[in-house]
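[1] With the sequence up front, the predicted model follows.
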Amino acid sequence: MSKKVTKAIFPVAGMGTRFLPATKSVPKEIMTLVDRPLVQYAIDEARAAGIKEFIFVTSRGKGALEDYFDHAPQLEAELRRKGKDKLLEILQSTDMDSGEVAYMRQHRALGLGHAVWCARRLIHDEPFAVILPDDVIAAEKPCLQQMVEAYEETGGNMVAAMEVPPEKASAYGVLDVREDMGSMVSVKGMVEKPAAGTAPSNLAVIGRYILSSNIFNNLNSLEEGAGGEIQLTDAIAKEIDGEGVYGYRFRGQRYDCGSKAGFLQATVAFGLEREELRDDLEGFLQEIMASRKAAE
């Protein structure tokens with residue numbers, strides 16, 4: 001039986017330049033999707049999967065992110081005084097206990113592989129998860145929980161995978177499939193951002209991983225890959241003939257909240273899921289579309 005996965009790395013050192021000027025002073029990870037920061041969705045997903053230790057790889061200017069998970073005694077006291085118990089409960093659900101969360105600095109932007117490598121001393125020889133908060137996944141059973149349950153059967157290394165249009169495969173790490181077993185595939189190769197028309201499949205890796213600590217041995221060389229960065233997929237690919245690599249077709253809808261279009265799509269989708277917002281939002285969207293059609 002595989003070891004339990006209780007630690008997760010959250011690479012959050014990026015500057016979020018696609019969201020300037022907002023990210024000039026606000027870390028992208030605490031930009032709100034409806035009424036919760038992106039990173040809160042990632043934390044909730046990790047907790048549902050049994051994660052107990054949360055490791056954030058940050059950079060300069062991320063102080064607001066660290067403050068977000070801290071207790072806010074003055075605000076809590078004010079809500080308690082006003083009898084706003086429901087808001088108080090929501091606020092307290094965002095707190096992280098002492099010792100539950102750790103922060104590591106990535107001093108140079110050398111890629112996702114390097115960001116994960118920065119947390120190596122906190123992982124030791126245990127399996128661990130990696131969650132990219134930019135990838136928000138709406139699912140009945142949270143994506144990482146699905147993966148942890150599958151990992152208990154396979155061990156090795158596992159990446160979340162989804163099918164993408166072939167013309168978009170060059171924007172992702174892509175799996176070369178050895179055997180397709182339905183929700184799970186065994187992997188014989190991985191290519192990071194393949195040139196157009198050269199992708200081995202249309203099964204793309206997205207921001208959820210369960211990895212063996214052997215990955216750090218592969219990352220120690222700090223070899224540059226695609227785009228001149230240290231690629232996590234290159235390190236994972238070296239484990240194919242070792243502990244093995246699997247792709248997991250998760251059940252759910254992924255939104256790329258690292259892009260403006262994806263962030264807006266997620267905002268609409270998550271808003272429509274909220275009972276108290278649904279009617280007003282649906283009515284507004286219908287009015288907007290009717291006005292656009294009338295103007296054509």
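    Happy to help now that I have it. Predicted model, so just to flag it, every value in this text is computed and none were measured. Residues are numbered from 1 along each chain as shown.
[2] and the closest residue to Phe270 other than its chain neighbours, how many residues sit next to it?
    Among residues not flanking Phe270 along the chain, Val34 sits closest, at 5.0 Å (CB to CB, 6 or more residues apart in numbering). For glycine as for every other residue, the C-beta is placed from the backbone atoms N, C-alpha and C. By the criterion of other CB atoms under 10 Å, Val34 has 15 neighbours.
[3] cool, Ala266 as well?
    Residues near Ala266, counting by other CB under 10 Å, number 22.
[4] Would you mind listing the buried residues in the helix or strand encompassing it?
    Taking DSSP states H and E as the definition, Ala266 sits inside helix 260-273. Within helix 260-273, the residues scored as buried using 16 or more other CB atoms under 10 Å are 262-263, 265-267, 270-271.
[5] ok, now stretch 86-96?
    Of all the residues in stretch 86-96, those buried under the rule 16+ other CB under 10 Å are 88, 94, 96.
[6] Is it correct that the first one falls within a helix?
    Yes: the assignment for Leu88, made by DSSP: H, G, I helix; E, B strand; the rest coil, places it in a helix.
[7] Leaving out sequence neighbours, find the closest residue to Ala169.
    Once flanking residues are discounted, Ala169 sits nearest to Ala199: 3.8 Å by CB to CB, 6+ apart.
[8] Touching, Ala109 and Thr58? I think so.
    No: counting by CB atoms under 8 Å, Ala109 stays clear of Thr58, with 11.9 Å between them.
[9] Could you check which of the two is surrounded by more residues?
    Thr58 (22 against 12).
[10] Tell me how far the more buried one lies from Leu211.
    Distance of Thr58 to Leu211, given as CB to CB, to the nearest Å: 20 Å.
[11] hey, where'd the strands end up in this protein?
    7-11, 32-33, 36-37, 53-58, 101-105, 128-131, 135-138, 157-163, 173-180, 184-192, 203-211, 245-249, 253-256 (DSSP state E).
[12] The lengthiest helix in the chain - contacts with which helices or strands?
    When the chain is scanned for its longest helix (criterion: DSSP state H), the result is helix 275-295. Packing partners of helix 275-295 (3 or more CB pairs under 8 Å, 6 or more residues apart in numbering; DSSP states H and E): helix 260-273.
[13] got the angle for the helix it packs on vs helix 275-295?
    Relative orientation of helix 260-273 versus helix 275-295 (axes from the mean of the first three to the mean of the last three CA atoms, to 10 degrees): 120 degrees.
[14] And the average pLDDT for helix 260-273 is what?
    Here helix 260-273 scores 94 as its mean pLDDT.
[15] Can you name every helix or strand that that helix contacts?
    Helix 260-273 packs on strand 32-33, strand 135-138, strand 253-256, helix 275-295, going by 3+ CB pairs under 8 Å, 6+ apart.
[16] Please repeat the previous calculation with a cut-off of 7 Å.
    Counting by 3 or more CB pairs under 7 Å, 6 or more residues apart in numbering; DSSP states H and E, the packing neighbours recorded for helix 260-273 are strand 32-33, strand 253-256, helix 275-295.
[17] Out of these, which is closest to Gly156?
    Distance to Gly156, taken as CB to CB, is lowest for strand 253-256 among the helices and strands packed on helix 260-273, at 22.7 Å.
[18] Give the partner strands of the closest one in its sheet and their orientations.
    Strand 253-256 sits in its sheet next to strand 135-138 (antiparallel), going by DSSP bridges.
[19] List the buried residues in the strand it pairs with.
    Quick answer for strand 135-138 (16+ other CB under 10 Å): 135-137.
[20] how about those in CSV, adding pLDDT and distance to Glu53?
    Output for these, formatted as CSV (pLDDT from 0 to 100; distance: CB to CB, whole Å):
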residue, pLDDT, distance to Glu53
Asp135, 94, 21
Val136, 96, 22
Ile137, 96, 21
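[21] Just give me the closest of the residues you listed to His71.
    Nearest to His71 among those, counting by CB to CB, is Val136 at 25.6 Å.
[22] which residues touch that closest one?
    Contact analysis of Val136 by CB atoms under 7 Å, 6 or more residues apart in numbering lists 33, 38, 41, 255, 257, 266.
[23] Please report how far Met15 lies from Phe54.
    Met15 sits 22 Å away from Phe54, going by CB to CB.
[24] try Glu276
    According to CB to CB, Glu276 and Phe54 sit 29 Å apart.
[25] of the two, who's got more company?
    When neighbours are counted by other CB under 10 Å, Glu276 and Phe54 differ, and Phe54 comes out ahead with 21 against 7.
[26] need the contact list for the closest residue to the more buried one other than its chain neighbours.
    In space, Phe54 comes closest to Val101 once its chain neighbours are excluded; the distance is 4.7 Å by CB to CB, 6+ apart. By CB under 7 Å, 6+ apart, Val101 lies in contact with 54, 56, 69.
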